[in-house]
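1. sequence and predicted structure are below.
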Amino acid sequence: MRKILAYTIMEMIIVMLLSSVVFTIAFKSFEIISSHYITYKNNVDEIGDFSLLDRLISNNCLQSKKIERTTDGLDFIFETNRISYEFAPDYILRIQAGVLDTFFLESISYKLLFMNKEVLEENNLIDEISLEGKVKGELRNFNYFKQYAANELMLEENKKILSE
């Protein structure tokens, strides 16, 4: 009688037990790495959104002709177009040529100033924007400034006098 070469049932059980331990370790490692990656991605996205908003507002301050107060935000007025920002407690809307961008940030508060006085009425010039919001749970303050030429300020003052 010929002997058949094969594994015993005990050897098969040990192999299955060892492979299940290896698969369990691999699966748990994958879960841990995935959760860390998701946390990292969310943190980077939040910081990236705030950095993008910061860069956009800074560029708009530098390049715009003037900044005016609106009902719920402000307008950057350029030679040929206008960019609007609307502020809400949990987000900021940026509207440019019908394209809407939303920046979700926590606890947003803002002040719009002209010559160190808060601007509360619409269509008044703004030379300082102060934003406060939470980024990764930390309260951050950002200030933006617009410098006007003397002739631009005189033109605005003449417009106010003529409209009264």
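-> All right, it came through fine. Numbering: from 1, shown residues only.

2. which residues touch stretch 112-119?
-> The contact list for stretch 112-119 (CB atoms under 8 Å, 6 or more residues apart in numbering) reads R69, L74, K111, N124, L125, I126, D127, E128, I129, S130. To be clear about C-beta, it is placed using only N, CA and C from the backbone, and glycine gets the same treatment.

3. mind showing which ranges of the chain have poor pLDDT?
-> Along the chain, the model assigns pLDDT under 70 to residues 1, 107, 164.

4. so the most centrally placed residue in the chain: helix, strand or coil?
-> For the chain, the residue nearest the mean C-alpha position is D49 (2.6 Å; CA atoms, centre = their mean). Counting by DSSP: H, G, I helix; E, B strand; the rest coil, the backbone at D49 sits in helix.

5. repeat that for L62.
-> Relying on three-state DSSP, one would call L62 helix.

6. so can I have CSV of the contacts of stretch 112-119 showing distance to I33?
-> As requested, those are exported to CSV (distance: CB to CB, whole Å):
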residue, distance to I33
R69, 49
L74, 44
K111, 44
N124, 53
L125, 53
I126, 47
D127, 49
E128, 46
I129, 41
S130, 41
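
7. list just the nearest of those residues to E156.
-> Of all those, E156 sits closest to L125, with 5.8 Å by CB to CB.

8. ok, now which ones touch the residue lying closest to K65 once chain neighbours are set aside?
-> Sequence neighbours aside, I77 is the residue nearest to K65 in space, at 5.4 Å (criterion: CB to CB, 6 or more residues apart in numbering). Residues in contact with I77, defined by CB under 8 Å, 6+ apart, are S64, K65, K66, I67, E68.

9. sort out for me which of the contacts of stretch 112-119 are in strands.
-> Judged by DSSP state E, the subset of the contacts of stretch 112-119 located in strands is R69, L74, K111, E128, I129, S130.

10. show me where this protein has helices.
-> 9-63, 150-163 (DSSP state H).

11. kindly reformat these as JSON lines containing distance to L93.
-> JSON lines is the format used below for the helices of the chain (distance: least, CB to CB, whole Å):
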{"stretch": "helix 9-63", "distance to L93": "11"}
{"stretch": "helix 150-163", "distance to L93": "26"}
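
12. tally of neighbours for L131?
-> Neighbourhood size, L131 [other CB atoms under 10 Å]: 21.

13. test my guess that it contacts L139.
-> No. Taking contacts as CB atoms under 8 Å, L131 lies outside contact range of L139: 11.1 Å.

14. so P89 touches L105, yeah?
-> No. With contact defined as CB under 8 Å, P89 does not reach L105; the gap is 9.6 Å.

15. alright, calling it a day.
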